[in-house]
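K.L.:
sharing a model that was predicted from the sequence below.
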2 protein chains.
Amino acid sequence: MSKTSTVFKQAYNRCLSLLAARDCLPSEPELGLALGVSRTTVRTILAHLAEAGVIAWDKRSKVRLRAPVDADFYPAEETDSPAEIIERSFMRRLLAQGVEPGTQITELELAREIGVGTSSLREFLIRFSRFGLIEKRPNSRWMLKGFTREFALELTEIREMFELRSAFAFIELAEASPAWAALDAMEAEHHGFADAIARHYVDFSELDERFHRLIHNASRNRFIVDFYDVIAMIFHYHYQWNKAGGRERNAVAVTEHLAYIDALKSRDKVRLQAACRAHLDSARTTLLRSLPGVVG
Amino acid sequence: MSKTSTVFKQAYNRCLSLLAARDCLPSEPELGLALGVSRTTVRTILAHLAEAGVIAWDKRSKVRLRAPVDADFYPAEETDSPAEIIERSFMRRLLAQGVEPGTQITELELAREIGVGTSSLREFLIRFSRFGLIEKRPNSRWMLKGFTREFALELTEIREMFELRSAFAFIELAEASPAWAALDAMEAEHHGFADAIARHYVDFSELDERFHRLIHNASRNRFIVDFYDVIAMIFHYHYQWNKAGGRERNAVAVTEHLAYIDALKSRDKVRLQAACRAHLDSARTTLLRSLPGVVG
DNA sequence: GTATTGTCTTTTATCTTAAAAAAACATTTG
DNA sequence: CAAATGTTTTTTTAAGATAAAAGACAATAC
């Protein structure tokens, strides 16, 4: 087969949502910008919308004929690209189901099980190998190393080095740096969470990631910034399937983040080191406790 | 087309070299181990050797009929896999010729220029992207970030963090650890270089890499160990095409390594920090000085 | 009976191909 | 004539095909 049309389908759905609130659509380049796709895809979308009777399209005029209904949207199963499907099912195997360290995997077999071509799977594995959880011997199979206690310790060791260094870089930023404004905005968001934590705790991981990325960006070092991808990936999937104690965990994290933000604003290195360490320590403890096979 | 037979050709050449010194060959599994290939490939090699009249092969007996001559060997152009060809030509563009930061590259065009298929090239670029020199926007091109001063500074910043930490981990190793014996052996090798540096300076980079990998391994952290791949790659190619001052550079490095080794053996943290820093500082200076467009 | 060889099966590396999506170029419209 | 639309070309994504290489199993030799 060939390239899937998931880009089109996702953008089509987004365009339908857009149409719920408007009665006409902007120019093709503008719409492309809004949907994050090329004009070629925009025109495909417009053609389909016209065919579905949602809009009347004639050159510059794209007028809504009727409000979009649920049946107009492409179902979720069709909007995921093979790359996304592979990532999710692979991470599920690795983190949710848990695999024995040393398990070997073959590209062909895994591709068949997930239902994608070998090339997509192969590219995913190559991309994924930088996370340190799999390894390949040339002309031979991939070896799963497993999400073990050792992995978690090695990961957090680097994370702590990088985050501490980034935090120190942060307080050296000029007063006028947009990072300080972003920090203020995040402080407000955290207070919002502290108030209504019970209702929103599932969404905290997104704020958590944005907060730590803001700090890491202050390092102005691509290796430090990129390494956060590893952490984000692990935390994203691991906690998604391991929600035990999520609520209390997040309440603690919000408090620690607020202390951390305070310390950053004080520009006091001793306070900062203490606040940062405190948060990283509790993050490590939480991660280790959630691992299978560890009594805690 | 299909998989290339470079594994066979390389192993065939190595087997011919082996035959120069022996008058018969060992069992198939043993030979496979010696050549680093599977028995399937061993049997292909034996069949070809027999056909070329180099050996007489009948079951367990593989007797040499004549000494291999130059014409028996596969030429160098045929023994490189597409993956190796891609790596070399890509690195040449990037480091030797130097590219403007921000240059965009298309997979298809580059594949045509190098003379390989798009999938091989694509896989290389994905693998290479972890080095922080290229970046990709989905459904669009790759962007070369260039081997700039910023890159060199970001790279050395991490390198210094990791190496210092590894060096401290090294002196905590048990007396019985094989790493100490390996360090002694390397010290001797360094003394060999110090004596005959003029003749061998081109080979120093190999010893340099082994030395630093020995230190990094003491960290027992896969992220630190893996990161040395980035450094090794950069140093390998960069100095290969930038030999100016190589001789003096290596003489200095040997002296610094010996001081570094001494400091490790003393297990004195203050001395170690000084020796390690001194070497890393001069490595950084050398790298920065060799960059184009920097006066120094 | 263990190591070696002979045979067969599976898997990887690589190229080719097809459709989707982007990008470039040409034409029209306000 | 600048911004939009119409058209064509190029490039990426994804799957499939094929020979090389690895791996597994059966048969043989010492």
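P.N.:
Received it, and whenever you're ready, just let me know what you need.

K.L.:
CA atoms for contacts and neighbours, from now on please.
P.N.:
Noted.

K.L.:
what comes into contact with stretch A:76-86?
P.N.:
Residues from elsewhere that reach stretch A:76-86 (CA atoms under 8 Å, 6 or more residues apart in numbering or on different chains): A:4, A:6-7, A:9-10, A:114, A:116, A:120-121, A:124.

K.L.:
please apply the same query to stretch A:149-166.
P.N.:
Defining contact as CA under 8 Å, 6+ apart, one finds that stretch A:149-166 is touched by A:133, A:215-219, A:224, A:228, A:231, A:273, A:276-277, A:280, A:284, A:287-288, A:291, B:221-223.

K.L.:
chain center to that stretch: distance?
P.N.:
Counting by CA atoms, centre = their mean, to the nearest Å, stretch A:149-166 is centred 19 Å from the centre of its parent chain.

K.L.:
pull the CA atoms of that stretch into PDB?
P.N.:
These are the backbone C-alpha positions of stretch A:149-166, laid out as PDB (Å, rounded to 0.1, in the frame of the first residue of the first chain):
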ATOM      1  CA  ARG A 149      14.900  -0.400  38.100                       C
ATOM      2  CA  GLU A 150      18.400   0.200  36.600                       C
ATOM      3  CA  PHE A 151      16.800   2.000  33.700                       C
ATOM      4  CA  ALA A 152      14.800   4.200  36.000                       C
ATOM      5  CA  LEU A 153      17.900   5.000  38.100                       C
ATOM      6  CA  GLU A 154      20.100   5.800  35.100                       C
ATOM      7  CA  LEU A 155      17.300   8.000  33.700                       C
ATOM      8  CA  THR A 156      16.800  10.000  36.900                       C
ATOM      9  CA  GLU A 157      20.600  10.400  37.400                       C
ATOM     10  CA  ILE A 158      20.900  12.300  34.100                       C
ATOM     11  CA  ARG A 159      17.600  14.100  34.700                       C
ATOM     12  CA  GLU A 160      18.800  15.400  38.000                       C
ATOM     13  CA  MET A 161      22.100  16.600  36.600                       C
ATOM     14  CA  PHE A 162      20.400  18.400  33.700                       C
ATOM     15  CA  GLU A 163      17.600  19.900  35.600                       C
ATOM     16  CA  LEU A 164      19.800  21.300  38.300                       C
ATOM     17  CA  ARG A 165      22.100  22.800  35.700                       C
ATOM     18  CA  SER A 166      19.100  24.200  33.800                       C
END
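
K.L.:
now do the buried residues in that stretch.
P.N.:
Buried positions in stretch A:149-166, judged by neighbour count with 16 or more other CA atoms under 10 Å in any protein chain shown: A:149, A:151-152, A:154-160, A:162-166.

K.L.:
from those, which land in helices?
P.N.:
Residues of the buried residues of stretch A:149-166 located in helices (DSSP state H): A:149, A:151-152, A:154-160, A:162-166.

K.L.:
from the residues you listed, which is closest to DNA strand D?
P.N.:
Closest approach between these and DNA strand D, by CA to the nearest atom of the strand: A:Phe151, at 24.7 Å.

K.L.:
thinking again about what came up before, of all the buried residues of stretch A:149-166, which two lie farthest apart?
P.N.:
Spatial extent of those (CA to CA) is set by the pair A:Arg149 and A:Ser166 at 25.4 Å.

K.L.:
what stretches of the stretch 101-250 of chain A score poorly on pLDDT?
P.N.:
A:194, A:196-202, A:243-245 (pLDDT under 70).
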